[in-house]
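Trainee: please find the sequence and the predicted model below.
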Amino acid sequence: MKDIIPTENLVAQICRAAKSAAPALAGSGTLDRNAALKAMSEGLIARCDFLKEENAKDMEAGKAKGLSAAMLDRLLLTDARIRQMADGIDEVIALPDPIGGIERITRRPNDLLVGQMRIPLGVIGIIYESRPNVTADAAALCVKSGNAVVLRGGSEAIRSNAAIAEILREALGKAGLPEDAVSLIPITDRAAIDAMLAQEESIDLIIPRGGEGLIRSVVEKSRIPVIKHYKGVCHIYVDETADIDQAIPICVNAKAQRPGVCNAMETLLVHENIAHAFLPKVAEAMAAAKVQLRGCPQTIRIVPTASPAAEEDWGMEYLDLILAVRVVSSMDAAIDHIRLYGSLHTEAILTRDHAHAMRFLREVDSSLVLVNASTRFNDGYQLGLGAEIGISTTKIHAFGPMGLEELTTRKFVAFGEGQVRQ
């Protein structure tokens, strides 16, 4: 019988192997990394049946555990979803290589040329739940940006994640890159997460993807810097100068197009000077979209069908067809509300006044601030990054959607011709 390796030892071993693999990946050329990614994409398609067989085991176990229909749907791998994973990797191949370029070159008075070179962060640890496609998406972004990655997925997808990781590792080997640049922790016990968060000598950054409970737990326990994104309490402020006909479809889109995501609007703030004209119309449009309104006293006087809002509604991330609505006396009041209850995720102002728009952009301190557009645009693809590994609501070292460039840092480089310091 084989000796059973304690969880802490196995996790440490996996993380050390990733750290050892990181320099070779970071030093590889664009063509080599793209060749590995292409082999990953092709491998997923070639072994589609294997992936579905392993996924079926997770689905069966999930049904036995009583997972909800929504959770089971997130877990399911079909031909179309496997194709989407492969297509996602192909899209990453097409993105510009973020590493190796030298930026901000300046010539000093002594003729020393000083610049900054883009380099990988090193080893990234990703802790995530439910969806197996995250395994492929996250690994592809890390490989493209020259970072080794240690993945720890949810227990409900353990067989699916292991199968995907096996294919990705084989692809790295085929391309002549170290397989340990993509590693999966194959342990479902929570102790594996705790052990991973203690590997500060091997892992440079932790990115948790999941619910607020998971992220808070990771932040509390980690010895490693963590990219945080607790929740998305997103606001739209309808200024007194807003174009009502334009504002209504923006608000409906922000709330109802996909209510269960972090960039959906959760609170609507309306200037009192436009409230009587705007609120009845937007309430009718929201009702047609099956959105329930929870309003302040002024809102209920204008829209009697709204339910009274409680204090906890103002900071609530509903992730559902529920919207908190408050009438405010001024832009100052709207900004104060956002500062008090917001989560630094996404806010928008709807206005025809340029000065109001620019003031809102300057003073509202969230990862994306929009003028006359839906909050649903806070997404890496929509903002032109090509792909994202998550959205950061902290400011160090990234703020907002994290694409390839956000998976790198800069080091200073200097070119001289014999200069010595005087």
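Mentor: Great, that's in hand.
Trainee: A70: neighbouring residues, count only.
Mentor: The tally of other residues near A70 (other Cβ atoms under 10 Å) stands at 10. Quick note: C-beta positions are derived from backbone N, CA and C, even for glycine.
Trainee: dihedrals phi and psi, it?
Mentor: Dihedral pair for A70: phi -70, psi -40, per degrees, to the nearest 10.
Trainee: pLDDT wise, what is it at?
Mentor: Note on A70: pLDDT of 80.
Trainee: what do you get for the one 4 residues further on?
Mentor: The predicted local distance difference test score for R74 is 87.
Trainee: what about V114, which helix or strand?
Mentor: Assigned by DSSP states H and E, V114 falls within strand 113-120.
Trainee: do a quick rundown of the helices in the stretch 251-400 of the chain.
Mentor: With DSSP state H, counting those that start in this stretch, the ranges of helices along the stretch 251-400 of the chain come out as 272-288, 297-302, 331-341, 354-363.
Trainee: elements contacting the first one?
Mentor: What that stands for is helix 272-288. Using 3 or more Cβ pairs under 8 Å, 6 or more residues apart in numbering; DSSP states H and E as the contact test, the elements touching helix 272-288 are helix 244-256, strand 265-271, helix 297-302, strand 322-328.
Trainee: once you drop chain neighbours, what's closest to V114?
Mentor: With sequence-adjacent residues excluded and distances taken as Cβ to Cβ, 6 or more residues apart in numbering, V114 is closest to A414, at 4.9 Å.
Trainee: give me phi/psi at that neighbour?
Mentor: phi -140, psi 140.
Trainee: from here on, count from 29
Mentor: Understood, numbering begins at 29; the last thing we discussed is A442.
Trainee: surely it meets Q144?
Mentor: No: using Cβ atoms under 8 Å, A442 makes no contact with Q144, being 10.2 Å away.
Trainee: so those two - more neighbours on which side?
Mentor: Each of A442 and Q144 has its neighbours counted (other Cβ under 10 Å); Q144 has more, 15 against 11.
Trainee: contact partners for that one?
Mentor: I130, E131, R132, R438, K439, F440, V441 (Cβ atoms under 8 Å, 6 or more residues apart in numbering).
Trainee: quick one: it and I130, what's the gap?
Mentor: 7 Å (Cβ to Cβ, to the nearest Å).
Trainee: spit out the residues that contact these two alike.
Mentor: V441.
Trainee: circling back to that earlier point, okay, among the contacts of Q144, which ones form the most distant pair?
Mentor: Farthest pair in these (Cβ to Cβ) is R132 and K439. Separation: 12.0 Å.
Trainee: work out the gap between the helix or strand of the chain with the lowest mean pLDDT and the centre of the chain.
Mentor: Every helix and strand of the chain was ranked by mean pLDDT, DSSP states H and E. The lowest is helix 97-103, at a mean of 89. On the basis of Cα atoms, centre = their mean, to the nearest Å, the separation between the geometric centre of helix 97-103 and that of its chain is 20 Å.
Trainee: repeat for stretch 210-230
Mentor: On Cα atoms, centre = their mean, the centre of stretch 210-230 falls 20 Å from that of its chain.
Trainee: show me which residues of it are buried.
Mentor: Going by neighbour count (16 or more other Cβ atoms under 10 Å), the buried part of stretch 210-230 is 210-215, 220-227, 230.
Trainee: narrow those to those in helices?
Mentor: Using DSSP state H, the subset of the buried residues of stretch 210-230 located in helices is A220, I221, D222, A223, M224.
Trainee: how about the last one, what does it touch?
Mentor: Read that as M224. V39, C43, G153, I155, V178, R180, I213, I231, I234.
Trainee: ok, now the third one?
Mentor: Under the criterion of Cβ under 8 Å, 6+ apart, the neighbours of D222 are K249.
Trainee: from K93, how far out is it?
Mentor: As judged by Cβ to Cβ, D222 and K93 stand 22 Å apart.
Trainee: where in the protein is pLDDT low?
Mentor: Residue ranges of the chain with pLDDT under 70: 29-31.
Trainee: longest helix of the protein?
Mentor: Assignment by DSSP H gives helix 35-54 as the longest helix of the chain.
Trainee: that one vs strand 141-148, what angle?
Mentor: Using axes from the mean of the first three to the mean of the last three Cα atoms, to 10 degrees, the inter-axis angle of helix 35-54 relative to strand 141-148 is 130 degrees.
Trainee: quick check: next helix or strand after helix 35-54?
Mentor: helix 58-74.
Trainee: spit out the contact partners of Q285.
Mentor: A292, S402, R404.
Trainee: how far away is it from K259?
Mentor: Separation of Q285 from K259 (Cβ to Cβ): 19 Å.
Trainee: now E300
Mentor: Taken as Cβ to Cβ, the span from E300 to K259 is 28 Å.
Trainee: which one of the two has more residues nearby?
Mentor: Taking neighbours as other Cβ under 10 Å, E300 and K259 compare with K259 leading, 18 against 13.
Trainee: find the nearest non-adjacent residue to the more buried one, please.
Mentor: Spatial nearest neighbour of K259, excluding adjacent residues (Cβ to Cβ, 6+ apart): E345 at 4.2 Å.
Trainee: can I assume the one you found is in contact with S371?
Mentor: Yes: using Cβ under 8 Å, E345 is in contact with S371, at 7.4 Å.
Trainee: and the two? Which one has more around it.
Mentor: Set side by side, E345 and S371 show more neighbours around S371, with 22 against 18, by other Cβ under 10 Å.
Trainee: who's in contact with the nearest residue to the more buried one once chain neighbours are set aside?
Mentor: Leaving aside its sequence neighbours, S371 sits nearest to V261 (Cβ to Cβ, 6+ apart; 4.3 Å). The contact partners of V261, by Cβ under 8 Å, 6+ apart, come to E294, T295, G343, M344, E345, Y369, G370, S371, H373.
Trainee: closest to V247 among these?
Mentor: S371 (14.2 Å).
Trainee: need phi/psi at I235.
Mentor: With angles defined as degrees, to the nearest 10, I235 sits at phi -120, psi 110.
Trainee: burial count for it?
Mentor: When neighbours are counted by other Cβ under 10 Å, I235 registers 25.
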